[in-house]
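My questions are about this predicted structure, shown below with the sequence.
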Amino acid sequence: MNTPTLPWYLLQSFAAMSEAGSLAAAATASDSSQPTLSRHLAQLEALLGTRLFFRTAAGLTPTPEGAVVQAHAEAMAAAATQVSFTGVQTQELSGTVRITASQIAATFLLPPILARLHAAHPAINLEVMASDLTDNLLRREADLAVRMYRPTQSDLIAKKVAELPIGIYAARTYVERRGLPQNPENLAQHTLVGYDRSTLILDGMRQMGLTVDRSSFAFRSDDQVVCWRMVQTGFGIGFGQRSIGDADPDLVAIWPELDIGTIPVWLTAHQELRMSPRVRVCFDHLAEQFAALE
């Protein structure tokens with residue numbers, strides 16, 4: 001009889017459930033989701049041909065067969081931790097990590113962050129794919145994703161690492177030509193740069209009490225980099241992340257004390273890639289660096 005091959009991530013999920021005693025607690029402890037853990041448990045039970053947990057009002061209790069699997073899973077987890085620790089301590093991290101991020105993040109935010117990452121780990125090769133597509137990770141086109149929204153795919157782990165404040169900016173050349181708006185209501189008398197189909201900027205302006213629609217923008221594009229470049233060249237007033245706008249000496253922040261909202265930053269990866277030292281060190285570095293941008 002052929003012995004079934006057990007994927008390590010199934011045993012990881014099983015170990016998390018054994019230790020936590022419930023799906024909800026295991027999901028929190030493992031940065032996973034209850035549907036994912038439940039599916040992993042069903043797959044593991046199908047591969048082994050036996051029931052591994054009794055489900056009671058108090059939570060999950062290992063069956064006799066489950067207790068045997070639990071002992072092996074805990075031993076494997078301890079061994080994997082030791083191997084990972086030894087490998088990181090004795091060998092230089094190397095290999096390729098592919099990161100996908102929005103065009104604005106890939107153009108303006110990631111370069112200095114990745115430069116510091118390369119300085120710390122020069123043997124890690126970095127690839128960046130500028131894209132807002134949500135299925136990059138599911139199709140295994142990238143190892144890590146930087147997203148400005150919370151991913152919903154159950155097979156991925158996601159961690160919110162920052163809330164980046166938004167500001168209103170104009171180029172100094174525009175201010176010299178047109179002056180500054182006196183108040184938010186006066187924005188309508190100025191040249192505005194905004195998105196085409198996306199309502200992100202319109203929604204923010206409406207929250208400020210302004211009556212605006214798509215025609216309020218003299219220039220429109222759903223490419224955020226293009227919109228930002230139009231602001232930088234003096235075409236009109238636009239909206240952008242303060243960490244980007246404040247770093248540009250040719251831009252003027254309009255009403256910097258005004259709170260007009262933030263954009264969340266989420267890091268996402270495949271659950272099994274948490275065991276890859278080079279992916280993990282990149283994940284932790286990006287999390288720390290984006291948190292510093294707040």
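On my side now, so go ahead. Treat the numbers as computed from the prediction; the structure is a model and nothing was measured.

mind giving me the domain split of the chain?
What automatic domain parsing lists as the domains of the chain is 8-90, 95-162+264-292, 164-259.

From the chain's centroid, how far away is whichever helix or strand H285 is part of?
Per DSSP states H and E: H285 is located in helix 277-292. Using C-alpha atoms, centre = their mean, to the nearest Å, the mean C-alpha position of helix 277-292 is found 11 Å from that of the whole chain.

Which neighbouring elements make contact with that helix?
Applying 3 or more C-beta pairs under 8 Å, 6 or more residues apart in numbering; DSSP states H and E, one finds that helix 277-292 makes contact with helix 64-90, strand 95-101, helix 110-120, strand 124-130, strand 144-147, strand 156-171, strand 262-270. For the C-beta atoms, the positions are set from N, CA and C on the backbone; glycine is no exception.

possible to save those as TSV with mean neighbour count, mean pLDDT and distance to V231?
Shown next, in TSV, are these (neighbours: other C-beta atoms under 10 Å; pLDDT from 0 to 100; distance: least, C-beta to C-beta, whole Å):
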stretch	mean neighbour count	mean pLDDT	distance to V231
helix 64-90	13	66	43
strand 95-101	20	92	20
helix 110-120	14	96	19
strand 124-130	15	94	19
strand 144-147	22	91	22
strand 156-171	20	91	6
strand 262-270	19	89	16
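
As a markdown table, the ones you listed with distance to G204 would be great.
Below are the helices and strands packed on helix 277-292 laid out as a markdown table (distance: least, C-beta to C-beta, whole Å):
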| stretch | distance to G204 |
| --- | --- |
| helix 64-90 | 43 |
| strand 95-101 | 22 |
| helix 110-120 | 24 |
| strand 124-130 | 23 |
| strand 144-147 | 19 |
| strand 156-171 | 7 |
| strand 262-270 | 10 |
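
Looking at these, which is nearest to S18?
Smallest distance to S18 across the helices and strands packed on helix 277-292 (C-beta to C-beta): 4.6 Å, for helix 64-90.

If we go by neighbour counts, what in the helix holding H285 is buried?
Buried residues in helix 277-292, defined by neighbour count with 16 or more other C-beta atoms under 10 Å: P277, R278, V279, R280, V281, C282, F283, H285, L286, A287, Q289, F290.

distance of the last one from D31?
Think F290. Remark: distance between F290 and D31 (C-beta to C-beta, to the nearest Å) = 17 Å.

Please apply the same query to P181.
Using C-beta to C-beta, P181 is found at 44 Å from D31.

where in the chain is pLDDT low?
Residue ranges of the chain with pLDDT under 70: 1-5, 77-92, 132-140, 153-155, 272-275.

again, 50 this time
In the predicted model of the chain, residues 1, 84-90 satisfy pLDDT under 50.

returning to that earlier point: nearest to G194, out of the helices and strands packed on helix 277-292?
Comparing the helices and strands packed on helix 277-292 under C-beta to C-beta, the one sitting nearest is strand 156-171, at 11.6 Å.

which neighbours does that closest one have in its sheet, and in what orientation?
strand 238-241 (antiparallel), strand 251-254 (antiparallel), strand 262-270 (antiparallel) (DSSP bridges).

Toward the C-terminus from that strand, list the very next helix or strand.
Strand 156-171 is succeeded, C-terminally, by helix 172-178 (DSSP H and E).

how far does the helix or strand just after that following helix sit from the chain's center?
As assigned by DSSP H and E, the chain's next helix or strand after helix 172-178 is strand 193-194. Computed by C-alpha atoms, centre = their mean, the chain-centroid distance of strand 193-194 equals 25 Å.

which strands and helices sit next to strand 193-194?
The helices and strands touching strand 193-194, judged by 3+ C-beta pairs under 8 Å, 6+ apart, are strand 219-220, helix 224-232, strand 238-241.

which parts of whichever helix or strand comes after the last one are buried?
Counting by DSSP H and E, the next helix or strand C-terminal to strand 238-241 is helix 242-245. Under the neighbour-count criterion of 16+ other C-beta under 10 Å, helix 242-245 has R242, S243, I244, G245 buried.
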